[in-house]
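> one predicted model, sequence on top.
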Amino acid sequence: MSAKVYLVGAGPGDPGLLTLKGRKVLERADVILYDHLASDRLLEFAPAHALRIYVGKKRADHECTMDEIAALMIDHARAGKTVVRLKGGDPFIFGRGGEEVESLVAAGIPFEIVPGVTTPLGVAAYTGVPLTHREHTSAVTFVTGHSVEAIDWSRVGSVETIVLFMGLVNFREIACALIAHGRSPKTPAMAVRWATRADQKTVVGTLATLADLIDEVKLKPPAMIVVGEVVSLRDRFNWFERLPLFGKKIVVTRDQGQSPMLAEPLEELGAEVLFAPVIAIADPSEHSELGQAIDRLDTYDWLIFTSANGVRHFVEALDQSSRDLRALRAKICTIGPATRAAVEALHLHVDVMPKEYVAESLMEALASEDLTGKHVLLPRAAVARDVVPIALRERGAHVDVVEAYRTIMPPDAPARAKEALAKKPHWITFTSSSTVKNLVEALENAEILREFQREGGKLASIGPITSETMRSFGLTVDVEANPHTIEGLVAAIGSHA
């Protein structure tokens, strides 16, 4: 039985530019063949079972030939698999999608094309250079610069805006050909590497000077070149490279599943996020008393959540029991707006939330409550500070502290942490004491982080307890979030920048 092959345009680099249909196809893929220009982040949309095969092709380094890629698509489709061929940009704009479709047609394999944002459009949007403009140009031509002799430059040169694919290496020769056929040497021109990504690099000059500028900054492929008067609009229209965190590499150390909550707002400010999850949120151990606490849920006067993870795992355990939220008669207290939002998503009212999002402030918020003889349930991480339960017991409460989840170190944490630091980040973020301790353990030595700071790297903390843990390892807290939330952490880094 044959399934279907989807040729999906991955867009120019920014994973947010993948189309909705492209994402839907990835979410049901069995096999993904992806290339050098497709963002690795897009692979996260695929199911866990999906086979991911890198078939990237660079100028002088071909992981797979075109025939080998075609054979992989056909073989997996004939095995009944849904195959996604994930290609940078758009499959039909210098993406060799036509050649791949020919092989599928010849083999009788059903296929579908899912267009993507072609790279020139990404270049235009993220450099502030419109490819067309009423006052400057009414025509634009896409041309490959891979083979200079194959192009009739006498015809191409007269077009107002020229976009060169794969023209970086041959640009000096191309520029000479354009000038020889009448194009002014003073025509504005620019080269853009990794357009739409946080490491986008733009070099601007003229038709006569750009080749020397490319050599001077040692610009490497993949890059795209735009020639035309519209390049002169860049100074006014350039928005992306003016974002406050543009060009900054920032390491996110929190749980992989929760990383987007921090990564996405950082990316919106222009940062390149490097993922090094040194913690993972795991289910409670078999010895957890959470299930027993749920069985007597109606006996508690207070239910206190110190994290959104505690809420989520509490609800999951409740779903697995014979009870539901109708058994809950307790007042609810939460620490922090994210925890409060998790509770309110269950259509439950939060009775108390301290102004400061730390455990010490919780008792201040409960100062007016008579806790003598009250029964309190505190579902939380397996390892956590005892500030709250001790203080509650001192006020006369009966406190049940139960393990709702565990914080563990993923097996690949050391490798991913070292890989992230090898890319010379500007910032490392910590969202809990566990992220600090686990990163130090993953790197096998806190001295690596101290050296990182001596070389100009910055460390960001979400709050005072995390900062205290950082200082215990001899680390300097460059910024601390205020308020002690993800939003506060992003704001602190942005303000420092």
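The structure has been received and is ready for your questions.
> and the strands in the stretch 351-497 of the chain?
375-381, 398-408, 427-430, 458-461, 479-480 (DSSP state E, counting those that start in this stretch).
> any idea which element residue 47 lies in?
Using DSSP states H and E, residue 47 is not contained in any helix or strand.
> ok, it to residue 384 distance?
Distance, residue 47 to residue 384, using CB to CB, to the nearest Å: 33 Å. Backbone N, C-alpha and C define where each C-beta goes, glycine included.
> swap in residue 139?
Distance from residue 139 to residue 384, counting by CB to CB: 65 Å.
> cool, residue 114 as well?
Distance from residue 114 to residue 384, by CB to CB: 46 Å.
> comparing those two, which residue is more hemmed in?
Shown here are residue 114 and residue 384; by other CB atoms under 10 Å, residue 114 has more neighbours (24 against 20).
> beta partners of that one?
residue 8 (DSSP bridges).
> how about it, what does it touch?
Counting by CB atoms under 8 Å, 6 or more residues apart in numbering, residue 114 touches 6, 7, 8, 9, 19, 21, 22, 25, 91.
> help me confirm that the second one comes into contact with residue 96.
No. Taking CB atoms under 8 Å as the contact criterion, residue 7 and residue 96 are not neighbours in contact, 10.1 Å apart.
> more neighbours: these two, which one.
It is residue 7, of residue 7 and residue 96, that has more neighbours when counted by other CB under 10 Å, with 27 against 14.
> for that one, give me the pLDDT.
Among the per-residue scores, residue 7 shows a pLDDT of 98.
> so which of the strands of the stretch 351-497 of the chain is nearest residue 156?
strand 427-430 (44.3 Å; CB to CB).
> can I get the CA coordinates of that closest one in PDB?
Provided in PDB are the C-alpha atoms of strand 427-430 (Å, rounded to 0.1, in the frame of the first residue of the first chain):
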ATOM      1  CA  TRP A 427      23.000  35.100  28.200                       C
ATOM      2  CA  ILE A 428      22.100  32.100  30.200                       C
ATOM      3  CA  THR A 429      18.700  32.100  32.000                       C
ATOM      4  CA  PHE A 430      17.700  30.300  35.200                       C
END
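> which residues does the residue nearest to residue 302 when sequence neighbours are not counted contact?
Leaving aside its chain neighbours, residue 302 sits nearest to residue 376 (4.4 Å; criterion: CB to CB, 6 or more residues apart in numbering). Listed by CB under 8 Å, 6+ apart, the contact partners of residue 376 are 300, 301, 302, 303, 304, 392, 397, 398, 399, 400.
> specify the beta-bridge partners of residue 376.
The partner residues for residue 376, given DSSP bridges, come to residue 302, residue 399.
> ok, it to residue 395 distance?
Noted for residue 376: a distance of 10 Å to residue 395, by CB to CB.
> now residue 323: how far from residue 267?
Distance from residue 323 to residue 267, by CB to CB: 41 Å.
> looking at those two, which is more packed in?
With neighbours defined as other CB under 10 Å, residue 323 and residue 267 compare such that residue 267 has more, 21 against 16.
> give me the element that one is part of.
Following DSSP H and E, one finds residue 267 within helix 260-268.
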